[in-house]
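Peer 1: Coordinates only, no sequence provided:
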């Protein structure tokens, strides 16, 4: 009997503990007259529901807050991040580009007639004078064509001379007849109508002679222009085609990019080299396409060579974008550097605007990966950073202008965001590991 009683007692205590069962709230007190009863205890869920509810609400709030701050979390080593502070101060609107020295003027050597390279009279890099022979081509077919043209011209010229002699002969005869018939007309030996007919015929041949001479002169000019490009009409027709096979310097300067070897075949219009102005230079640079609407002709450019400062200005902006950049030319203001050479690299400072006061964030790799649309802002406790949408404006090599979304004193991750593109929050790991 002891064992069953012990089990019954354990059961009773267990029911009391969980707050249910008849013995805890319904049975009389042992030893009483049956009217005194044990007061029932509240169940655990009734006694602790407020505390449990608070825990559930807190947990839900934490989950909601975490979701609000960003559901995707990245744990990154703090020592691998670059953090900068937002400040307010004078912002200088300029960009730094890498320019190169280029000739101010370039003239290309092209072939008016195709042929085989027969002679190269100068070397690449030589200084040349305008009109100086540089390359001689050979073209037997062209020479035969020129000979045929010369023969045709000679035949035409002979026919012209023959026609002109015939006209002159007619004019001379008519003139003699008019002189003779004038006497007969005065003596009424011939009719006046006959004399007028002879006068009209004489006038016709005089006009025919003038027209024949003018036509011949015009034909000579056209032939000379076609064969030699000489519009003066004094070109040597016989040698015009051969002269076109001699490539001459179009201006004074330095011969560069020479592409002519003896025996090479060159087609009509082929580029054989170029002549660069030797005493005048300009600067050229490839500028990031982001600044295509910001760089305009006339803007000031600053640079230094051998510790001396110089000024230039934007002269031309080429709108074509290639490989994410566009080409820009710069001309010197006043005397440029004297000890520079074509191809030399020079750092340029292109002034886009004046200096103004602005909220600024130090420039960094983050901009290229976000386009200036969002950043990671460090929380006040310094343990993490939250993604935030911002609006950034002008840039220079050192700072980015903050238009909205950040306040002075806030700290921002300015290093690269390549690993955090889809993250909403970054937790800092001060131990040097990440996940």
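Peer 2: Arrived safely, thanks for sending. These numbers come from a predicted model, not from an experiment.
Peer 1: For the protein, which segments count as helices?
Peer 2: 2-18, 22-25, 44-69, 140-186, 192-228, 237-243, 366-370 (DSSP state H).
Peer 1: Just give me the lowest mean pLDDT stretch among the ones you listed.
Peer 2: Ranked by mean pLDDT, these bottom out at helix 22-25, with a mean of 46.
Peer 1: tell me how far the ends of stretch 367-375 are from each other?
Peer 2: Distance across stretch 367-375, first residue to last, is 9 Å (Cα to Cα, to the nearest Å).
Peer 1: Pull the contacting residues for residue 109.
Peer 2: Listed by Cβ atoms under 8 Å, 6 or more residues apart in numbering, the contact partners of residue 109 are 134-135, 247, 249-250, 271-275. For the C-beta atoms, the positions are set from N, CA and C on the backbone; glycine is no exception.
Peer 1: Out of the residues you listed, which two sit at the greatest distance?
Peer 2: Greatest spatial distance in the contacts of residue 109: 249 and 271, 14.4 Å, computed using Cβ to Cβ.
Peer 1: more crowded one of these two?
Peer 2: residue 249 (21 against 12; other Cβ atoms under 10 Å).
Peer 1: Need phi/psi at that one.
Peer 2: Main-chain torsions, residue 249, degrees, to the nearest 10: phi -70, psi 130.
Peer 1: repeat for residue 130
Peer 2: Main-chain dihedrals, residue 130, degrees, to the nearest 10: phi -60, psi 130.
Peer 1: residues in contact with the closest residue to it other than its chain neighbours?
Peer 2: Nearest residue to residue 130, sequence neighbours excluded (Cβ to Cβ, 6 or more residues apart in numbering): residue 251, at 5.0 Å. Residue 251 makes contact with 105, 107, 130, 275, 277 under the criterion Cβ under 8 Å, 6+ apart.
Peer 1: how about a cut-off of 6 Å?
Peer 2: Residues near residue 251 by Cβ atoms under 6 Å, 6 or more residues apart in numbering: 107, 130, 275.
Peer 1: Surely the second one is in contact with residue 275?
Peer 2: So the one you mean is residue 130. No - taking contacts as Cβ atoms under 6 Å, residue 130 lies outside contact range of residue 275: 8.8 Å.
Peer 1: quick one: which of these two has more around it?
Peer 2: Neighbours per residue (other Cβ under 10 Å) separate residue 130 from residue 275, with residue 275 holding more: 26 against 12.
Peer 1: what about the residue sitting nearest the centre point of the chain, distance to residue 295?
Peer 2: Taking Cα atoms, centre = their mean, the centroid of the chain lies closest to residue 326, which sits 1.6 Å from it. Going from residue 326 to residue 295 by Cβ to Cβ, to the nearest Å gives 8 Å.
Peer 1: Can you work out which residues contact both of the two?
Peer 2: Common neighbours of residue 326 and residue 295 (criterion: Cβ under 6 Å, 6+ apart): residue 287.
Peer 1: Name the nearest residue to residue 360, sequence neighbours excluded.
Peer 2: Distances taken as Cβ to Cβ, 6+ apart put residue 399 closest to residue 360, at 4.2 Å, once the chain neighbours are dropped.
Peer 1: Number of residues surrounding the closest residue to residue 113 other than its chain neighbours?
Peer 2: The shortest distance from residue 113 to any non-neighbouring residue, by Cβ to Cβ, 6+ apart, is to residue 244 (4.6 Å). Neighbour count of residue 244, defined by other Cβ under 10 Å: 20.
Peer 1: Enumerate every residue touching the residue nearest to the centre of the chain.
Peer 2: 287, 292, 318.
Peer 1: what about 8 Å?
Peer 2: 286-287, 289, 292, 317-320.
Peer 1: Can you tell me which of those is nearest residue 355?
Peer 2: Of all the contacts of residue 326, residue 287 has the smallest distance to residue 355: 21.1 Å, by Cβ to Cβ.
Peer 1: wait, doesn't that closest one sit right on residue 295?
Peer 2: Yes - at 5.9 Å, residue 287 counts as touching residue 295 under the criterion of Cβ atoms under 8 Å.
Peer 1: what is in contact with those two at once?
Peer 2: Applying Cβ under 8 Å, 6+ apart, one finds that residue 287 and residue 295 are jointly contacted by 95, 328, 350.
Peer 1: The last one reaches residue 297, doesn't it?
Peer 2: Pointing back at residue 350 there. No - assessed by Cβ under 8 Å, residue 350 is found out of contact with residue 297, at 11.8 Å.
Peer 1: hey, what's in contact with both of those two?
Peer 2: residue 314.
Peer 1: Neighbour count for these two, which is higher?
Peer 2: residue 350 (25 against 12).
Peer 1: Report the separation between that one and residue 367.
Peer 2: As judged by Cβ to Cβ, residue 350 and residue 367 stand 18 Å apart.
Peer 1: close enough to count as contact, residue 330 and residue 312?
Peer 2: Yes - using Cβ under 8 Å, residue 330 makes contact with residue 312 at a distance of 4.4 Å.
Peer 1: which residues do those two both contact?
Peer 2: Common contacts of residue 330 and residue 312 (Cβ under 8 Å, 6+ apart): 283, 301, 348.
Peer 1: What about the residues you listed, which are in strands?
Peer 2: Per DSSP state E, strands hold the following members of the shared contacts of residue 330 and residue 312: 283, 301, 348.
Peer 1: Reformat those as TSV; add pLDDT, distance to residue 118 and neighbour count.
Peer 2: Formatted as TSV, those follow (pLDDT from 0 to 100; distance: Cβ to Cβ, whole Å; neighbours: other Cβ atoms under 10 Å):
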residue	pLDDT	distance to residue 118	neighbour count
283	96	39	25
301	95	46	24
348	95	45	22
